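pasting the structure only:
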């Protein structure tokens, strides 16, 4: 079922939002769909607006994602 | 075949001061500033092309005045490359690398699972640099830093691979970057890896005719749905960067 979850890449810095994992450390629960995130949400790392993320279909490297914390530098 | 031509003056042009709004982002003395010409949409420039194949950023930048640059800031996943044209770049990253790059030097910093970098011109001479950002083939790879040098003398009049599978700098994407520095009239046939690949060719200096289009300094062209691209050079010195990417 996880195939239906999408991944979005920030075009300002490369920050990744994966719907499957959400961003619990930023108050977004796992499974939260991209269209459920407010339009005024911005990249937690660089402040790029939500509209400047791009949906990507790219596999994870072996062993990733270890946990949602691996996406927080 | 599909193609576009992007003239130098059609690119986005911005200036970022080290004071005021961008002061936490732009390093340097109060008189320092960065100028950036973007071939593709980036930051507040969103009315152009979104990119080309796996390329999302192609920035032709100048860091002016000592200390000018980008303060330490985070990235994930993008493969960020810098090609030094003039001046000197001091690059610092969280892989523990402090590097000094001069004309002809280039690096590929793959941010992967997370990394920060700082880009500085600590000399009084302007730094001229081209930044290329590429979407990776896999997410959250271990970060890496590679650097190399393009020797314009020994590589003169030769199509020289810099980045990608045919070079000493492999990256995790189906993308190659080559450079052609010429001082003689000649015709070069660039064969694409497949019909699903495209070429973005950018004139750093001089001029070229690419598939019939006459291009001058800092003009560029994107060409795809073809198996080859023909580049003709003249007798003046010309320096061309060629990015081939899966589309």
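Looks like it came in fine. Note that the structure is a prediction, hence the values are computed from the model and not measured.

ok, and what's touching the least confident helix or strand in chain B by mean pLDDT?
When each helix and strand of chain B is scored by mean pLDDT, DSSP states H and E, strand B:26-27 comes last, with a mean of 94. Under the criterion CB atoms under 8 Å, 6 or more residues apart in numbering or on different chains, residues B:16-18, B:32-34, B:67-71, B:118, B:120 lie in contact with strand B:26-27. Just so you know, the C-beta spots here come from the backbone N, C-alpha and C atoms, and that holds for glycine as well.

with those residues in mind, which one is nearest to chain A?
residue B:70 (11.4 Å; CB to the nearest CB).

check contacts around that closest one.
Counted by CB under 8 Å, 6+ apart, residue B:70 has contacts B:25-27, B:34, B:117-120.

just to confirm, which helix or strand has it in it?
Taking DSSP states H and E as the definition, residue B:70 sits inside strand B:68-75.

Is chain A within reach of the next helix-or-strand element following that strand?
Downstream of strand B:68-75, the first helix or strand assigned by DSSP H and E is strand B:79-86. No: Strand B:79-86 stays clear of chain A (CB under 8 Å from any CB of the partner chain), getting no nearer than 8.5 Å.

Parallel or antiparallel, list what pairs with strand B:79-86.
In the sheet, strand B:79-86 lines up against strand B:105-110 (antiparallel), strand B:127-134 (antiparallel) (DSSP bridges).

would TSV of those strands with mean neighbour count be doable?
Output for the strands paired with strand B:79-86, formatted as TSV (neighbours: other CB atoms under 10 Å in any protein chain shown):
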stretch	mean neighbour count
strand B:105-110	23
strand B:127-134	23
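
Tell me which of these lies nearest to residue A:56.
Comparison of those against residue A:56 by CB to CB identifies strand B:127-134 as nearest, at 12.4 Å.

re the thing from before, adding mean pLDDT, write the strands paired with strand B:79-86 out as TSV.
Output for these, formatted as TSV (pLDDT from 0 to 100):
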stretch	mean pLDDT
strand B:105-110	98
strand B:127-134	98
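
how about those strands in a markdown table, adding distance to residue B:231?
Formatted as a markdown table, the strands paired with strand B:79-86 follow (distance: least, CB to CB, whole Å):
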| stretch | distance to residue B:231 |
| --- | --- |
| strand B:105-110 | 20 |
| strand B:127-134 | 18 |
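
Spatially, what comes nearest to residue 46 if we skip its sequence neighbours?
Looking at chain A here, since you left the chain open. residue A:13 (4.1 Å; CB to CB, 6 or more residues apart in numbering or on different chains).

sorry, should have said chain B
That would be residue A:52: by CB to CB, 6+ apart, it lies 7.3 Å from residue B:46.

Surely the one you found and residue A:13 touch.
No: the pair residue A:52 / residue A:13 is not scored as a contact, 10.4 Å apart, by CB atoms under 8 Å.

Just want to know which of those two has more residues nearby.
A count of neighbours by other CB atoms under 10 Å in any protein chain shown puts residue A:13 above the other of residue A:52 and residue A:13, at 22 against 17.
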